[in-house]
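> Sharing a sequence plus its predicted fold:
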Amino acid sequence: MSILQIVALAVVGAALILVIRQEKPELAVQISVAAGLAVFALIAWKLVEVLNVLEGLAVRADLNMVFLGTLLRILGIAYIAEFGTQICRDAGENALAFKVEMAGKVMILILAAPIITTILDTVSRLLP
Amino acid sequence: MEFDVNLLFRLAGIGILIMVFSQVLTQADKKEQAQLLTLAGVVIVMMFVVNMIGRLFNAVRTIFNIY
């Protein structure tokens, strides 16, 4: 799925949404979500390949797999939170967008907490 | 994942149809039916979109193995 198809899809989608937005803004928001999903569907498999390469490197560097798993999970949460935030902003609901963003940050912090504690432990052990 | 592109164009077609029909209905001063038609259009499009969002969440859940 070359970049040309993705850009063509996005441009056509934007044009269609513009046509519909004048009369029916409520439909336009949903179609813009559909366009975003279509673009993501096109690159989803490439994303899996990139993550496999990342995992291969982590295994070769015999990194602790827990960290990589948490990192992947944080990436997923960040992506979904950003997805929801942008949709809310498109629909004009900035307050809602901020709430979704804050929820995403809290979830990421929860996941990152164990990593932070392990880092602090190792650092304190290093220091005399 | 390929059919999402057709789905997008189908949704846009539905949106344009709804737009045109509601204009026709408002010209024929049947305002309530136009609003009902718009509501029906929104519901149909939302069904497709919610279905796509569900598929996206499953994809992200498998890719990033979030529970």
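Good, I have the coordinates.
> In which helix or strand does the residue in chain A that chain B sits nearest to reside?
Minimum separation of chain A from chain B (Cβ to the nearest Cβ) falls at A:Gly76, amounting to 2.9 Å. Glycine gets a C-beta too; all of them are placed from N, C-alpha and C. Element membership for A:Gly76, per DSSP states H and E: helix A:65-90.
> quick one: average confidence on the very next helix or strand once past that helix?
Next helix or strand after helix A:65-90 toward the C-terminus (DSSP H and E): helix A:94-126. The average pLDDT within helix A:94-126 is 94.
> what packs against helix A:94-126?
helix A:65-90 (3 or more Cβ pairs under 8 Å, 6 or more residues apart in numbering or on different chains; DSSP states H and E).
> now the helix it packs on, how far from the chain's geometric center?
How far helix A:65-90 lies from its chain's middle: 4 Å, per Cα atoms, centre = their mean, to the nearest Å.
> now the angle from it to helix A:94-126?
Relative orientation of helix A:65-90 versus helix A:94-126 (axes from the mean of the first three to the mean of the last three Cα atoms, to 10 degrees): 160 degrees.
> Flag every buried residue along helix A:65-90.
A:68, A:70-77, A:79-81, A:83-88 (16 or more other Cβ atoms under 10 Å in any protein chain shown).
> Near A:Met107, how many other residues are there?
A:Met107: 17 surrounding residues under other Cβ atoms under 10 Å in any protein chain shown.
> ok, the nearest residue to it once chain neighbours are set aside - contacts?
Leaving aside its chain neighbours, A:Met107 sits nearest to A:Ile77 (5.1 Å; criterion: Cβ to Cβ, 6 or more residues apart in numbering or on different chains). By Cβ atoms under 8 Å, 6 or more residues apart in numbering or on different chains, the contact set of A:Ile77 is A:Gly104, A:Met107, A:Ile108, A:Leu111, B:Phe64, B:Ile66.
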